[in-house]
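K.L.:
Predicted model follows, preceded by the sequence.
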Amino acid sequence: MLMHMFCRKLLAITLRAVIAFAVLAPSAYPQARPKPPKSVRLYVFDNGIIKDPDVTRFHFKKEEIAVPDFVVCSYLIVHPKGTLMFDAGSIPDANFKEGVTPTTLNRFIATKTLQSQMAALGYAPKDITYFALSHYHGDHIANSNAFAGSTWLVQKPERDAMFAEDSPVKDQLPLFNRLKDSKSKILEGKDFDVFGDGTVVIKGAYGHTPGHQVIYVKLAKSGPILLSGDLYHYREERFTDKTPVFEFNGPQSLASRANIEAFLKKSGAQLWIEHDLQLFRGLKTAPEYLE
């Protein structure tokens, strides 16, 4: 009898310890992969910030504009028929050392790995149906190779530039080299309806890089949203005719902006500027979502 009571007490203590550990260390116990939703969901991941952007490089003219720190984020779109990851952060998850936070790389600072945020939702890179980058710049591509098993949705001029012998990002090739052999859907500027129902559409917006692209997401409750990559970098830039000095093709960017602005007016979509820290602070971020 005494032994039975002792075992019951020990079991209760053990269960409390397991529950406490799970609460304190949720990343050690990833959530079970959720069932496909009935309508599209949009998750926003926190990939850190860029401290002190070089404002003097952001315009062809030499006037300086006060630009706050830039946020770095990425998005997971979950559709009843599959998943799409858009952009991949600025610091590779492999750079994070256990127990060390924040992690820095050049001017990038982050406190969370991308995959730990995915795991908290029940997803791993192997669960991602489609992978897309807005463009090839370093603050968007850090964890690209993790999604080499997904179908890569990429504009032809962007892919060509990324793997060219004289690629402008050849020093960052180890971050995305596995994409070269990924199953790919090569796009050439025309709208691509990812799931075939008009809820997730990739739109070419060339200029910032040779094949920059944006994504339109139609949500049942929150309404339509355009994830604009680096079509703009901060909200004031939207109301100028200026583009960054490091733009691949400034006039082409301005033409893309005009096309997207016309689309926003027609569709009624919200414009989300990916680096806009003020916007980001007002958004629901993972594990919360918009639907």
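P.N.:
In hand now; what should we look at?
K.L.:
so Lys180 touches Phe163, yeah?
P.N.:
Yes. Counting by Cβ atoms under 8 Å, Lys180 does reach Phe163; the two are 5.8 Å apart. For every residue, glycine as well, the C-beta is placed using N, CA and C.
K.L.:
now the helices for the stretch 51-200 of the chain?
P.N.:
114-119, 156-162, 173-176 (DSSP state H, counting those that start in this stretch).
K.L.:
Can you give me every residue that contacts the residue most central in space within the chain?
P.N.:
For the chain, the residue nearest the mean C-alpha position is Ser74 (1.7 Å; Cα atoms, centre = their mean). Ser74 sits next to 45, 47, 85-89, 114, 140 when contact means Cβ atoms under 8 Å, 6 or more residues apart in numbering.
K.L.:
got the contact list for the nearest residue to Ser144 once chain neighbours are set aside?
P.N.:
Spatially, and ignoring its direct neighbours in sequence, Ser144 is nearest to Phe176 (4.0 Å; Cβ to Cβ, 6 or more residues apart in numbering). Counting by Cβ under 8 Å, 6+ apart, Phe176 touches 136, 141, 144-145, 162.
K.L.:
Could you work out the most separated pair of these?
P.N.:
Comparing all pairs in those by Cβ to Cβ, the longest separation belongs to Tyr136 and Asn145, at 13.5 Å.
K.L.:
Val72 touches Ile141, doesn't it?
P.N.:
No. Using Cβ under 8 Å, Val72 makes no contact with Ile141, being 11.2 Å away.
K.L.:
one step back: looking at the contacts of Phe176, which is nearest Trp152?
P.N.:
Distances from Trp152 to the contacts of Phe176, taken by Cβ to Cβ, are shortest for Ser144, at 8.9 Å.
K.L.:
Just give me the neighbour total for that closest one.
P.N.:
25 (other Cβ atoms under 10 Å).
K.L.:
cool, and Pro174?
P.N.:
Neighbour count for Pro174, taken as other Cβ under 10 Å: 9.
K.L.:
Quick one: residues contacting it.
P.N.:
Taking Cβ under 8 Å, 6+ apart, we find Pro174 in contact with Asn145.
K.L.:
one more time with 10 Å, if that's ok
P.N.:
Pro174 sits next to 92, 145 when contact means Cβ atoms under 10 Å, 6 or more residues apart in numbering.
K.L.:
which stretches of the protein have low pLDDT?
P.N.:
Residue ranges of the chain with pLDDT under 70: 1-31, 52-68, 99-100.
K.L.:
thinking again about what came up before, which residues does the residue nearest to the centre of the chain form beta bridges with?
P.N.:
Counting by DSSP bridges, Ser74 forms beta bridges with Phe45.
K.L.:
do you know how far it is from Trp152?
P.N.:
As judged by Cβ to Cβ, to the nearest Å, Ser74 and Trp152 stand 15 Å apart.
K.L.:
Same question for Ile128.
P.N.:
According to Cβ to Cβ, Ile128 stands 11 Å off from Trp152.
K.L.:
One more: Ala119?
P.N.:
Following Cβ to Cβ, the distance that separates Ala119 from Trp152 is 22 Å.
K.L.:
Could you check what's spatially nearest to Ala146, not counting adjacent residues?
P.N.:
Pro125 (4.3 Å).
K.L.:
what's the burial count for that neighbour?
P.N.:
The burial count for Pro125: 18, using other Cβ under 10 Å.
K.L.:
Then Asn143?
P.N.:
25.
K.L.:
Gly48 now?
P.N.:
24.
K.L.:
ok so it is a strand residue?
P.N.:
Yes. Counting by DSSP: H, G, I helix; E, B strand; the rest coil, Gly48 falls inside a strand.
K.L.:
Identify the bridge partners of the closest residue to it other than its chain neighbours.
P.N.:
Of all residues not flanking Gly48 in the chain, Ala110 sits nearest, at 2.9 Å (Cβ to Cβ, 6+ apart). For Ala110, the beta-bridge assignment (DSSP bridges) gives partners Thr103.
K.L.:
residues touching Ala110, list them.
P.N.:
With contacts defined as Cβ under 10 Å, 6+ apart, Ala110 is in contact with 46-49, 72, 89-91, 93, 95-96, 101-104, 142.
K.L.:
Many thanks, we can stop here.
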